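Asker: Sequence first, then the predicted structure:
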Amino acid sequence: IPQCLYLIMIQLIMKISGLKLNVDKTTAMCIGSLKHDECENTFNLNWTKGPIHTLGITISDDPQVIMEENFMPRLKSIDNILTIWHSRGLSLKGKVTILKSLIIPKVLYPMSVLPVPTNVVEIIDNMVIDFMWSQRRPKIKRDVIVQEIENGGIKVPSFSAMVEANRITWVKRMLYNPKCKWRCILSDLIKPFSLKHFIENCLTDETINSIAIPFYVQVFDLWNSLRKAPTSPAEYLEQVIWNNKYIQLPIAPKKKRCTSILWPELYSAGIVKVKDLFNYDRSFINLAQFCKERNIACDFLKVIRVKKALPVDWVSEIASQPLLSLTQCTYNLAIKSPQGNIVIHPNVKPKQIYNQIILKKFIKPTALQRWENAFYIQEEDWLSIFIQPYIATRETTLQSMQYKFIHAIIPCRKWLYTQKIFSDSFCLRCNMNQEDDILHHFVECSGLNELWARLEAWWNRTSDSQIRLCDKHIIFGIYYDNHFYSNINYIILLAK
């Protein structure tokens, strides 16, 4: 394009939009094939070969400059803020509030428009964990505290999951915004594939890394890693054949390294998915005849490669299916998770995607198994136990105390003894040489029996509802009906 056309295009944009370019405040930079051209004094603009700053973002063709200019100052600012709040003695819930309101917003904007280096994600996640546990060794696994309250977490923000959710949101935009102009650029980068087939495909790493724009490389890399693998004949049939990581051939005989296949002419002619290679009677189509009918140069070796690339178990399972099932196959674009799959549809929200990614990393807290063995708690009871303190009170100190109680991280003498801080594990209030674990410290100690008995008597005397405080109720509250027993649960929290 002649250089004069650039100015004409800018003038047309100004005329259509009603906006005007302020030449004195404008900085221009050559990109792409013009990167090394000399453009000084062109259009009377201020030209630069270095990075450009616009809308709070530094733009450069050097990934190192992007990281240093966009992320490093923010990381330093985050570290300063966390240092200030570290000395405030906040509860766990208070720390979560600081992270969500002051820390995460600092990196959400650059994360949404720039490729985020892996080390930046790790640094931020480590800063979050260090702040939550006051620079000490974490007492609860990261994959637990980031969960929703109903799953035993306290909703500590996970920056890595936020990055993944943002990238998957871009996949949704690609699928369901066909009129967006930016799709033209991406469509040109992934030729000969259509954008829909490219997203549906289980791509090889080489195919993803061949995209010229690093942001889209990260989008498709994360999307590809979260996709669920095909597990049934119906899903096998919906797999895109070309550049598929599950449909590969050895590079050479007796070599473990494999490569995917691509025949652009067949793709353009309509052979896109595995189901396109089969007739209605489950037999392979005649590729040679197919190519002849469409004037495609037929290479006998290519035909053999296409058939040999299909996994043997796929072919055998497809052949064993009833004829009708081959015409009723569907394969959803879904993210794998232990609680089911979330399908990328037009109305799915980034928050829903984030929650599913978090849930995919769910690990059952180790303390729960010990409580289940001690009090015969059922799996379905944990939901009521986890939300009980949030129904009983809005005091974050009490909520955080009960959270530590459930996860058994309150430092009684027995635990301090295992950490070699105390010389013995016995309770100082008892004369019976009882180990001072959490259950003994809050329930079984001889000095506490009278407290809980008097509390039970007082409640039964002044309230319409009668209760009997057992060890389980003291530890977890009366969780069978959290709303009805919210008052007594609040008093139990205060007593503990």
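Answerer: Good, I have the coordinates. Numbers count the residues shown, from 1 in each chain.
Asker: buried residues in the biggest helix by length in the chain?
Answerer: The helix that spans the most residues within the chain, counting by DSSP state H, is helix 159-176. Within helix 159-176, the residues scored as buried using 16 or more other CB atoms under 10 Å are 159-172, 174-175. In this view, the C-beta of every residue, glycine as well, is placed from N, C-alpha and C.
Asker: before we move on, what about stretch 197-214?
Answerer: Going by neighbour count (16+ other CB under 10 Å), the buried part of stretch 197-214 is His197, Phe198, Ile199, Glu200, Asn201, Cys202, Leu203, Thr204, Thr207, Ile208, Ile211.
Asker: Would you mind measuring the gap between the ends of stretch 362-369?
Answerer: Counting by CA to CA, to the nearest Å, you get 15 Å between the two ends of stretch 362-369.
Asker: Please disregard the earlier target; I meant stretch 465-485.
Answerer: End-to-end span of stretch 465-485 (CA to CA): 9 Å.
Asker: From here on, call the first residue 752.
Answerer: Taking 752 as the first residue, the last one we looked at is stretch 1216-1236.
Asker: which residues in the stretch 852-1001 of the chain form strands?
Answerer: 999-1001 (DSSP state E, counting those that start in this stretch).
Asker: For Trp1203, list the residues it contacts.
Answerer: Val1194, Leu1220, Ile1225, Ala1246 (CB atoms under 8 Å, 6 or more residues apart in numbering).
Asker: neighbour-wise, which of these leads?
Answerer: Taking other CB atoms under 10 Å as the neighbour criterion, Ile1225 ranks highest of these with 21 neighbours.
Asker: Could you identify the helix or strand that succeeds the helix or strand where that residue lies?
Answerer: For Ile1225, the element it lies in under DSSP states H and E is helix 1222-1227. Later in the chain than helix 1222-1227, the nearest helix or strand by DSSP H and E is helix 1237-1246.
Asker: which strands and helices sit next to that following helix?
Answerer: helix 1133-1143, helix 1147-1157, helix 1200-1213 (3 or more CB pairs under 8 Å, 6 or more residues apart in numbering; DSSP states H and E).
Asker: neighbouring contacts of that helix?
Answerer: With CB under 8 Å, 6+ apart as the test, helix 1237-1246 has contacts from 1139-1140, 1142-1144, 1149, 1152-1153, 1202-1203, 1206, 1210, 1214, 1216, 1218, 1220, 1224-1225, 1228-1230, 1233.
Asker: circling back: so for the helix holding Ile1225, what's the average pLDDT?
Answerer: When pLDDT is averaged over helix 1222-1227, the result is 91.
Asker: For burial, what's the neighbour tally of the residue lying closest to Leu853 once chain neighbours are set aside?
Answerer: Of all residues not flanking Leu853 in the chain, Ile832 sits nearest, at 5.6 Å (CB to CB, 6 or more residues apart in numbering). By other CB under 10 Å, the residues close to Ile832 number 17.
Asker: got a pLDDT number for Ile832?
Answerer: Note on Ile832: pLDDT of 96.
Asker: cool, and Ile900?
Answerer: 93.
Asker: repeat for Asn1092
Answerer: Note on Asn1092: pLDDT of 51.
Asker: before we move on, what about the one 4 residues further on?
Answerer: His1096 carries a pLDDT value of 74.
Asker: Can you classify it as helix, strand or coil?
Answerer: Three-state call for His1096 (DSSP: H, G, I helix; E, B strand; the rest coil): coil.
Asker: now the helices: where do they sit in the stretch 952-1101 of the chain?
Answerer: Assigned by DSSP state H, counting those that start in this stretch, the helices in the stretch 952-1101 of the chain fall at 956-960, 965-977, 984-988, 1015-1020, 1038-1044, 1051-1060, 1063-1070, 1101-1111.
Asker: Any chance you could list what contacts the second one?
Answerer: Read that as helix 965-977. 814, 864-867, 914-915, 918-919, 921-922, 937, 940, 949-950, 953-954, 956, 959-960, 962, 996, 1086-1087, 1108, 1111.
Asker: Where does pLDDT dip in the protein?
Answerer: Scanning the chain for pLDDT under 70 picks out the ranges 752-758, 783-794, 1003-1007, 1073-1094, 1182-1183.
Asker: what's the most centrally placed residue in it in contact with, if anything?
Answerer: When the chain is reduced to its mean C-alpha position, the nearest residue by CA atoms, centre = their mean turns out to be Ala912, at 2.9 Å. By CB under 8 Å, 6+ apart, the contact list for Ala912 reads Val897, Tyr1105, Ile1108, Ile1109, Lys1112.
Asker: Tell me how far it lies from Glu1016.
Answerer: Taking CB to CB, to the nearest Å as the measure, Ala912 falls 42 Å from Glu1016.
Asker: How about Gln999?
Answerer: Separation of Gln999 from Glu1016 (CB to CB) stands at 20 Å.
Asker: buried residues in the helix holding Ile1225?
Answerer: Within helix 1222-1227, the residues that count as buried by 16+ other CB under 10 Å are Lys1223, His1224, Ile1225, Ile1226, Phe1227.
Asker: Helix, strand or coil: sort out the closest residue to the third one other than its chain neighbours for me.
Answerer: In other words, Ile1225. Leaving aside its chain neighbours, Ile1225 sits nearest to Val1194 (5.1 Å; criterion: CB to CB, 6+ apart). Using three-state DSSP, the structure places Val1194 in helix.
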